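A.B. asks: Task: produce atomic coordinates for the following.
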Amino acid sequence: MYTPRGSDSLSIPLTAHHLRFSCRAVQPILWHPFKGSALRGAFVGVLRRTFCPEWRAGETDPIHVQLCPVCQLLAAPNDEETPGDVRRPYAIRPPLDEDLRYELGREFSFTITLFGESLLYLPYLVLTAGGMGATGIGRKGADGQRGRFTVERIDSLNPLTGESVALLGTGEQMVQAVSAPVTHAQVLAASQEGAELLTASQNRLTLHFLTPTRLTQDEHKLEKPQPFQVMKAAVLRAADLSAQYGGGRPTVEGRPLHLKTDIYPHADRVQVVADEIRWWDVSGYSGRLEREQRLGGFVGWVVYWAVDWRPLLPWLLWASQTQMGKNVVKGSGIVGLGVGDWRLGIGE
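C.D. replies: Below is the predicted model:
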């Protein structure tokens, strides 16, 4: 049985708030095969047009950026003293079905995840989601209009505990500023459960890559989920989010996390048992870059084996909550874990 070595054995002072927007199409919606890019484009467009008076200027005044919630949410912070990669404070989880057309009345949902103290942006997200539905989303139809929808309900979901809190109930007008946050204590508890199941399952852990996951090594894309690079990416994402939006950088037994001694030796020992991986070559448009952007990544599943999953499992559980790799703000990098009948992040 896995028992964490006290609360200071691994500390990742981070929270994640999964906000699910339940919607209904009021005009047919036409999608591209990957829905995340359209969601993010509509999300950013409405946010800027509605709440940021300087968004057309190209270069905004630093004082404005410090005061403007839209710039804080959308623009990656410029902090040369922050180690690791700079992360944005949110991620998007689009609908995962393969339907390219939602007919009138079709119910669907998408999730926006906020990290750390970013729940302060909740009022802007609620108004923005309504604006996205009113202005339309997806490809233009024969009438030159994009499909429209209404937001009927907003819930805060915690996949680790099963808790669900209604922020906006069906037919209600008042939004409740409450949440069911994912915390590190919950991740450790889930890690204990997962470690026990892994021991009984020959230490075989399945990772499901539900949307294109794009990882790089030395600036080159990886065609397959190589174990070491997957573990490294999971650790760095959670560590960077914790440092930039949480309570500081992770610690192990009260000291700063050290990748070369705390992570790499264990990641080096992970082996691939089986996989069914393919490359999904999709693209989207980047307003910031003003050009098409490649969003392709690997999807499918892989079974890993390790002698001892305990040092790595909390990080992979965090990856199932934060997503991983590039373009998570466009819905990429959604990862689910599976051990026998135990599932996390699959079918949410």
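
A.B. asks: Name the single longest helix found in this protein.
C.D. replies: Longest helix in the chain by number of residues (criterion: DSSP state H): helix 227-245.

A.B. asks: What's the first helix or strand after that helix?
C.D. replies: Counting by DSSP states H and E, the next helix or strand C-terminal to helix 227-245 is strand 251-252.

A.B. asks: so where do the helices sit in the stretch 101-250 of the chain?
C.D. replies: 122-135, 184-200, 227-245 (DSSP state H, counting those that start in this stretch).

A.B. asks: Can I get the second one in PDB? Just the C-alpha atoms.
C.D. replies: Listed in PDB are the C-alpha atoms of helix 184-200, where the atom choice follows Å, rounded to 0.1, in the frame of the first residue of the first chain:
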ATOM      1  CA  HIS A 184      -2.900  18.900  -4.500                       C
ATOM      2  CA  ALA A 185      -4.200  17.000  -1.400                       C
ATOM      3  CA  GLN A 186      -6.800  15.500  -3.600                       C
ATOM      4  CA  VAL A 187      -4.200  14.600  -6.200                       C
ATOM      5  CA  LEU A 188      -2.100  12.800  -3.500                       C
ATOM      6  CA  ALA A 189      -5.200  10.900  -2.400                       C
ATOM      7  CA  ALA A 190      -5.900   9.800  -5.900                       C
ATOM      8  CA  SER A 191      -2.300   8.900  -6.400                       C
ATOM      9  CA  GLN A 192      -2.500   6.600  -3.400                       C
ATOM     10  CA  GLU A 193      -5.500   4.800  -4.900                       C
ATOM     11  CA  GLY A 194      -3.900   4.600  -8.300                       C
ATOM     12  CA  ALA A 195      -0.600   3.200  -6.900                       C
ATOM     13  CA  GLU A 196      -2.500   0.500  -5.100                       C
ATOM     14  CA  LEU A 197      -4.300  -0.500  -8.300                       C
ATOM     15  CA  LEU A 198      -1.100  -0.400 -10.300                       C
ATOM     16  CA  THR A 199       0.500  -2.900  -7.900                       C
ATOM     17  CA  ALA A 200      -2.400  -5.200  -8.500                       C
END
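
A.B. asks: How far off centre is it?
C.D. replies: Distance of helix 184-200 from its chain centroid, counting by C-alpha atoms, centre = their mean, to the nearest Å, is 21 Å.

A.B. asks: again with the first one
C.D. replies: How far helix 122-135 lies from its chain's middle: 19 Å, per C-alpha atoms, centre = their mean.

A.B. asks: what do you get for stretch 163-175?
C.D. replies: 22 Å.

A.B. asks: Could you do stretch 150-159 as well?
C.D. replies: 16 Å.

A.B. asks: how about that stretch: buried residues?
C.D. replies: Neighbour-count burial for stretch 150-159, with 16 or more other C-beta atoms under 10 Å as criterion, is recorded at 151-159. Just so you know, the C-beta spots here come from the backbone N, C-alpha and C atoms, and that holds for glycine as well.

A.B. asks: again, but for stretch 135-142
C.D. replies: So stretch 135-142, judged by 16+ other C-beta under 10 Å, has buried residues 136-138.

A.B. asks: Then stretch 163-177?
C.D. replies: For stretch 163-177, the neighbour count (16+ other C-beta under 10 Å) marks 167-168, 175 as buried.

A.B. asks: Dump that stretch to PDB, keeping only the CA atoms.
C.D. replies: The C-alpha trace of stretch 163-177 is given here as PDB (Å, rounded to 0.1, in the frame of the first residue of the first chain):
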ATOM      1  CA  GLU A 163     -18.100  17.000  -6.700                       C
ATOM      2  CA  SER A 164     -20.200  19.300  -8.800                       C
ATOM      3  CA  VAL A 165     -21.300  22.800  -7.800                       C
ATOM      4  CA  ALA A 166     -23.800  24.900  -9.900                       C
ATOM      5  CA  LEU A 167     -22.500  28.400 -10.700                       C
ATOM      6  CA  LEU A 168     -25.500  29.100 -12.900                       C
ATOM      7  CA  GLY A 169     -28.500  26.700 -12.700                       C
ATOM      8  CA  THR A 170     -30.900  26.100 -15.500                       C
ATOM      9  CA  GLY A 171     -33.300  29.100 -15.800                       C
ATOM     10  CA  GLU A 172     -31.300  31.100 -13.300                       C
ATOM     11  CA  GLN A 173     -29.900  34.600 -13.800                       C
ATOM     12  CA  MET A 174     -27.600  35.000 -10.800                       C
ATOM     13  CA  VAL A 175     -24.100  33.400 -11.000                       C
ATOM     14  CA  GLN A 176     -22.700  32.000  -7.800                       C
ATOM     15  CA  ALA A 177     -19.000  32.700  -7.100                       C
END
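
A.B. asks: Tell me which residues are up against it.
C.D. replies: 19, 122-123, 126, 151-158, 178-180 (C-beta atoms under 8 Å, 6 or more residues apart in numbering).

A.B. asks: again, but for stretch 43-51
C.D. replies: Applying C-beta under 8 Å, 6+ apart, the contact partners of stretch 43-51 are 55, 68-70, 73-74, 92, 112, 124, 127-128, 131-132, 135, 287.

A.B. asks: Fine, thanks again, bye for now.
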